[in-house]
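> A predicted structure for the sequence below; I have some questions about it.
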Amino acid sequence: MATKNEKGVALILTMILLVVLSVMAVSLLFMGQSETWSSMNYRMMTQTRYGAEAGIHKAANFLQSTSYTSPTAAQIAANFDTTKSPLTYGGAPAVLSANSAIGSSNFPISSDKTNFAANATGSLTAGNTTVTYKPYAKLLAIQSFTAYPSTAPAVVEKWEITSDGTISGVRNAQVRVSAIMERQKTAVFAYAAFADATGCGALNFGGGGTTNSYDSSTVTNAGTSSASVTTQTYGGNVGTNGNLDERGSSTVIYGSLSTPRAGTGSCSSSNVTALTLSGAVQPKQGLVELPQNITYPNPDVPNPTPPQTAMTVANNNPGCTGIPSCSIINGGADMQINAGGTQAGATLLGNLTVKGTLHLTPPLGTSAGSNVYININSLSTNAGAVIVIDPIPGTTNQYANIILNVAGTGSTPITMNGNSNINNYSLNPATFQILYAGTDQVTLNGGAAAAALLYAPNATVKFAGNSDFYGAVIANQITDMGGAAIHYDRRLQSEFYGLGNYMLSSFNWQKY
């Protein structure tokens with residue numbers, strides 16, 4: 001009787017099992033489909049994000065190219081309200097747009113609007129799909145300034161770039177990416193010495209060569225031959241696009257080393273390290289890794305072109321004979337050359353040799369801190385020579401900046417020999433600036449002392465024999481041997497700005 005009641009149970013259990021298996025199979029199908037769609041969504045999101053980032057870079061490349069014309073100083077003053085952040089143009093954000101979904105262009109230069117819309121968009125092939133990108137750039141800040149060593153105005157800008165990446169089809173995908181692109185002005189003379197060469201020994205210190213720093217606003221007895229300053233054992237930072245080779249236990253960099261290179265040790269053409277030490281100590285304030293090379297624009301070739309005739313200034317025969325703008329002063333003890341007031345009206349000198357005491361004097365009525373010019377083919381100082389940078393006539397310790405534009409045609413451009421003194425009355429390097437675009441060697445020999453800014457980005461500069469240099473030097477390669485000291489004026493950190501490198505930062509993205 002009990003057995004008869006159990007008939008058909010196997011069938012029922014089989015049907016239940018089939019239902020369970022069917023449910024599991026359907027669930028697995030749905031899970032597989034969901035994973036497939038999830039993978040597809042992730043792939044499309046990634047593709048559209050990279051497409052949007054391509055739009056960011058396309059817009060950034062346009063804004064750095066010659067196809068883009070920055071507003072001039074006059075246009076900035078006339079058209080932009082820079083008191084607001086972000087600034088406005090005509091009461092609205094200043095915009096270049098290739099994406100009508102975000103907004104239209106609002107910019108004072110029509111060619112920029114047209115070129116941005118035409119050149120900043122594009123597409124990328126990703127497998128069997130096409131990703132399109134359309135950027136939009138909002139100007140956040142803008143500033144015009146004079147970029148050293150040029151006297152022409154330059155412009156730095158800060159942009160917020162937004163770009164949409166899109167895949168169109170049965171399943172659409174869209175990602176929006178934004179980033180900040182800016183170019184800041186930077187202090188040109190930020191280092192006691194900077195060598196822009198990229199190889200080994202771009203900076204070569206040894207034999208007791210050293211750097212430190214001082215503040216030229218604290219000079220005692222300024223304006224007299226007994227002017228002096230106290231140096232500090234910090235702030236004598238050096239930099240290079242290549243390697244510092246430092247030798248000898250008495251060789252000390254009282255500052256940091258900045259370079260895009262990394263590592264300490266032997267340097268070779270295939271492995272340029274940041275620092276090579278041979279019995280010396282590491283720079284006292286450590287190593288700073290630069291994100292990229294620092295480039296310095298060439299100074300202008302002297303125009304008008306100076307002559308190549310020999311000229312000698314001495315406190316005896318020949319005195320000022322044959323030298324323009326030169327006169328004998330102080331009862332025949334000294335000579336004086338008047339610097340020109342403008343670049344076009346620069347005083348023109350040939351191969352000048354200084355044997356006695358020479359005063360370089362700005363024109364009467366010159367404003368303090370303004371530039372006056374001397375175009376010269378070469379400068380050589382004999383032992384015991386003195387070059388005095390005079391204050392503006394009729395003032396006490398009010399100085400202009402005397403710019404010495406050196407041509408160096410057919411002659412060694414600059415040689416300062418033993419025990420000569422240049423600008424030792426003020427010890428303010430800004431008042432005597434030496435600009436040289438050539439590639440020949442500049443030399444400061446034993447016992448010489450000079451307060452100057454030396455800007456020679458293509459030249460080799462050699463310091464030797466217990467000489468003292470107050471200020472800063474920029475060159476292609478710099479050698480400091482034999483106990484020479486470079487004393488960096490810390491006031492230069494807030495003077496003489498140039499154009500820095502472009503930077504992209506602050507990437508953000510969101511999916512639509």
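Arrived safely.
> you'd agree G201 is up against Q477?
Yes: assessed by Cβ atoms under 8 Å, G201 is found in contact with Q477 at 7.4 Å. C-betas here are computed from N, CA, C, even on glycine.
> Same question for D112, what's its three-state structure.
Secondary structure, DSSP: H, G, I helix; E, B strand; the rest coil: D112 is helix.
> quick one, what contacts A451?
Counting by Cβ atoms under 8 Å, 6 or more residues apart in numbering, A451 makes contact with 216, 422-424, 426-429, 431-432, 469-471.
> Is it located within a strand, as I assumed?
Yes: under three-state DSSP, A451 falls within a strand.
> now it: how far from I387?
10 Å (Cβ to Cβ, to the nearest Å).
> between these two, what contacts are shared?
With Cβ under 8 Å, 6+ apart as the test, A451 and I387 both reach I422, N423, F432.
> Identify, from those residues, the entry nearest to V19.
F432 (97.5 Å; Cβ to Cβ).
> Flag every buried residue along the strand or helix carrying M503.
Using DSSP states H and E, M503 falls within strand 497-511. By 16 or more other Cβ atoms under 10 Å, the buried positions in strand 497-511 come out as Y497, G498, L499, Y502, W509.
> same question, stretch 445-453
Buried, per 16+ other Cβ under 10 Å, within stretch 445-453: N445, G446, G447, A448, A449, A450, A451, A452, L453.
> Show the end-to-end separation of it, please.
Distance across stretch 445-453, first residue to last, is 17 Å (Cα to Cα, to the nearest Å).
> same question, stretch 365-375
With Cα to Cα, one end of stretch 365-375 sits 21 Å from the other.
> try stretch 439-456
First-to-last residue span, stretch 439-456, Cα to Cα: 8 Å.
> Give me the three-state assignment for K138.
strand.
> State the pLDDT value of the closest residue in space to it that isn't next to it in sequence.
Spatially, and ignoring its direct neighbours in sequence, K138 is nearest to E160 (4.7 Å; Cβ to Cβ, 6 or more residues apart in numbering). We have a pLDDT of 97 for E160.
> One more: T273?
97.
> again, but for the one 10 residues further on
What the model reports for P283 is a pLDDT of 96.
> Distance check, it against T395.
40 Å.
> Please identify which of the two sits among more neighbours.
P283 (24 against 14; other Cβ atoms under 10 Å).
> Over to that one: give its phi and psi.
When read as degrees, to the nearest 10, the backbone of P283 gives phi -50, psi 130.
> G236 versus that one, what's the distance?
Where G236 is concerned, P283 sits at a distance of 9 Å (Cβ to Cβ).
> before we move on, what SS does R49 have?
Going by three-state DSSP: R49 is helix.
> Spatially nearest residue to it, not counting backbone neighbours?
V175 (4.4 Å).
> Isn't that neighbour up against M44?
No: between V175 and M44 there is no contact under Cβ under 8 Å: 9.1 Å.
> Which of these two has more residues huddled nearby?
V175 (25 against 21).
> Look at the more buried one and tell me its secondary structure.
V175 is classified as strand under three-state DSSP.
> go on, V23?
Classified using three-state DSSP, V23 is helix.
> Count the neighbours of it for me.
10.
> What lies in contact with the strand holding M503?
Applying Cβ under 8 Å, 6+ apart, the set of residues contacting strand 497-511 is 45, 49, 52-53, 56-57, 60, 64, 145-148, 154, 156, 173-188, 292, 294-297.
> again, only using 7 Å
45, 49, 52, 60, 64, 145, 147-148, 154, 156, 175-188, 292 (Cβ atoms under 7 Å, 6 or more residues apart in numbering).
> same question, stretch 326-336
V313, N315, G319, C320, I337, G356, T357, L358, H359, T361.
> for it, what is the average pLDDT?
87.
> Would you agree P429 is in contact with G471?
Yes: with contact defined as Cβ atoms under 7 Å, P429 counts as touching G471 (2.8 Å).
> which one of the buried residues of stretch 445-453 is nearest L257?
Using Cβ to Cβ, the buried residues of stretch 445-453 come closest to L257 at L453, 20.9 Å.
> who touches that closest one in this structure?
Counting by Cβ under 7 Å, 6+ apart, L453 has contacts F189, P429, A430, Q433, I434, G471, A472.
> Please pick the buried ones from the residues you listed.
Buried among the contacts of L453 by 16+ other Cβ under 10 Å: F189, P429, A430, Q433, I434, G471, A472.
> right, and out of the residues you listed, which lies closest to L13?
For those, the nearest to L13 is F189 (91.7 Å; Cβ to Cβ).
> Nearest residue to S123 in space, ignoring adjacent ones along the chain?
Counting by Cβ to Cβ, 6+ apart, the residue nearest S123 is T132, at 4.6 Å.
> just M481 next, same as before
In space, M481 is closest to G207, 4.5 Å off (Cβ to Cβ, 6+ apart).
> just the helices in the stretch 201-350 of the chain please.
Assigned by DSSP state H, counting those that start in this stretch, the stretch 201-350 of the chain shows no helices.
> low-scoring stretches of it, by residue?
317-318 (pLDDT under 70).
> That one: strands as residue ranges?
203-205, 210-214, 238-240, 244-247, 252-253, 257-259, 275-278, 287-289, 310-313, 326-329, 334-338, 347-354 (DSSP state E, counting those that start in this stretch).
> what about dumping the CA coordinates of the fourth one to PDB?
Pointing back at strand 244-247 there. Taking C-alpha atoms only, strand 244-247 is exported to PDB below (Å, rounded to 0.1, in the frame of the first residue of the first chain):
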ATOM      1  CA  LEU A 244      77.600  68.700 -12.600                       C
ATOM      2  CA  ASP A 245      81.100  67.300 -12.200                       C
ATOM      3  CA  GLU A 246      82.400  68.400  -8.800                       C
ATOM      4  CA  ARG A 247      86.000  67.600  -7.700                       C
END
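> List the neighbouring strands of it plus their orientation.
Taking DSSP bridges as the criterion, strand 244-247 forms sheet pairs with strand 203-205 (parallel), strand 275-278 (parallel).
> Just the buried positions in the last one, please.
The one in question is strand 275-278. So strand 275-278, judged by 16+ other Cβ under 10 Å, has buried residues L275, T276, L277.
> For the closest residue to G498 other than its chain neighbours, report the pLDDT, please.
Leaving aside its sequence neighbours, G498 sits nearest to V188 (Cβ to Cβ, 6+ apart; 4.4 Å). On pLDDT, V188 comes in at 97.
> quick one, what contacts V188?
Y148, F496, Y497, G498.
> farthest-separated two in the residues you listed?
F496 and G498 (7.4 Å).
> so what sits against both of the two?
Common neighbours of F496 and G498 (Cβ under 7 Å, 6+ apart) are Y148, V188.
> per-domain residue ranges of the protein.
Using automatic domain parsing, the domains assigned to the chain come out as 42-187+500-511, 193-496.
> Near V473, how many other residues are there?
28.
> any idea which element it lies in?
With DSSP H and E as the test, V473 turns up in strand 468-480.
> The very next helix or strand once past that strand relative to strand 468-480, how many degrees between them?
The first helix or strand that comes after strand 468-480 along the chain, using DSSP H and E, is strand 485-489. Compare the direction of strand 485-489 with that of strand 468-480 by axes from the mean of the first three to the mean of the last three Cα atoms, to 10 degrees and you get 120 degrees.
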